[in-house]
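In: I would like the atomic coordinates for the input below:
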Amino acid sequence: MKSLFKLILGLSGLLVVILLAIVITLATLDPNDYKDWISEQALERTGRTLVLDGDINVTYYPWLGLEANGITLGNAAGFGDEPFLHADYLKLRIKLMPVLKDQYEIDTVIIRGALINLARNKAGLSNWEDLLKEEKNEDQAAFPLAAVVLGGVDVENASLRWRDAATDTDYSISQLDIRTDALRYGEPLKLSLTMDIKANKPALSGNVSLDAT
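Out: Numbers count the residues shown, from 1 in each chain. Model prediction:
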């Protein structure tokens, strides 16, 4: 029994050393050294090019976070050379320990200089459908919205364009700024929004400014 106890202690100590080694390795890896690999994985999984022009920073504890500059995702096949998505700067963080309890505490999402091009061709196919394809699982539990706390949204100088070749419509939003306070399920939300809008059918253009709860 004493030998078994020593074996368990020895294995436990070895496991702790291995875990520490993994944590230290992850903490010291520079994600910028793996940009090409990340782009290759994106191309293999989505068929789209992913260009990472700027620096990438990753944190592991207490926040599991990503901070990236100059992200560009290519368009779907048949929708031209312009990017589907671009962002000058993006910051996402989620607190690590609450995730172990199925709680999701997300820090304020920060996006700067985002550009999104949405389109539909004459056949009715959109340029985002391929990104949404996944196997349906009827037994999959609904996502627990009540367990999610989002620190807020901070979007600055974003642009969104929607073109529909089937109806020859072209809508665009530019100079989009959005700011909110913390989002908690079932609680009021303060929202500040400004944007310029333009459309061809009907022909119109203008500016929208909104402060509301």
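In: make it CA atoms for all contacts and neighbour counts henceforth
Out: OK.
In: residues making contact with whatever helix or strand Val208 lives in?
Out: Val208 belongs to strand 203-212 when elements are defined using DSSP states H and E. Residues outside strand 203-212 that contact it (Cα atoms under 8 Å, 6 or more residues apart in numbering) are Lys190, Leu191, Ser192, Leu193, Thr194, Met195, Asp196, Ile197, Lys198, Ala199.
In: sitting in strands, which of those residues do you find?
Out: Judged by DSSP state E, the contacts of strand 203-212 include Leu191, Ser192, Leu193, Thr194, Met195, Asp196, Ile197, Lys198, Ala199 as members of strands.
In: show me the strands in the chain, by range?
Out: Under DSSP E, the chain gives strands at 50-52, 56-59, 63-73, 85-95, 104-106, 109-112, 115-120, 148-150, 153-164, 169-180, 183-184, 191-200, 203-212.
In: redo those as TSV? Include mean pLDDT.
Out: Shown next, in TSV, are these (pLDDT from 0 to 100):
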stretch	mean pLDDT
strand 50-52	90
strand 56-59	86
strand 63-73	90
strand 85-95	92
strand 104-106	89
strand 109-112	94
strand 115-120	95
strand 148-150	86
strand 153-164	96
strand 169-180	96
strand 183-184	87
strand 191-200	96
strand 203-212	95
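In: tell me how far Pro83 lies from Gly54.
Out: Computed as Cα to Cα, to the nearest Å, the Pro83 to Gly54 distance reads 16 Å.
In: picking that back up, tell me the strands beside the strand holding Val208, with direction?
Out: In the sheet, strand 203-212 lines up against strand 191-200 (antiparallel) (DSSP bridges).
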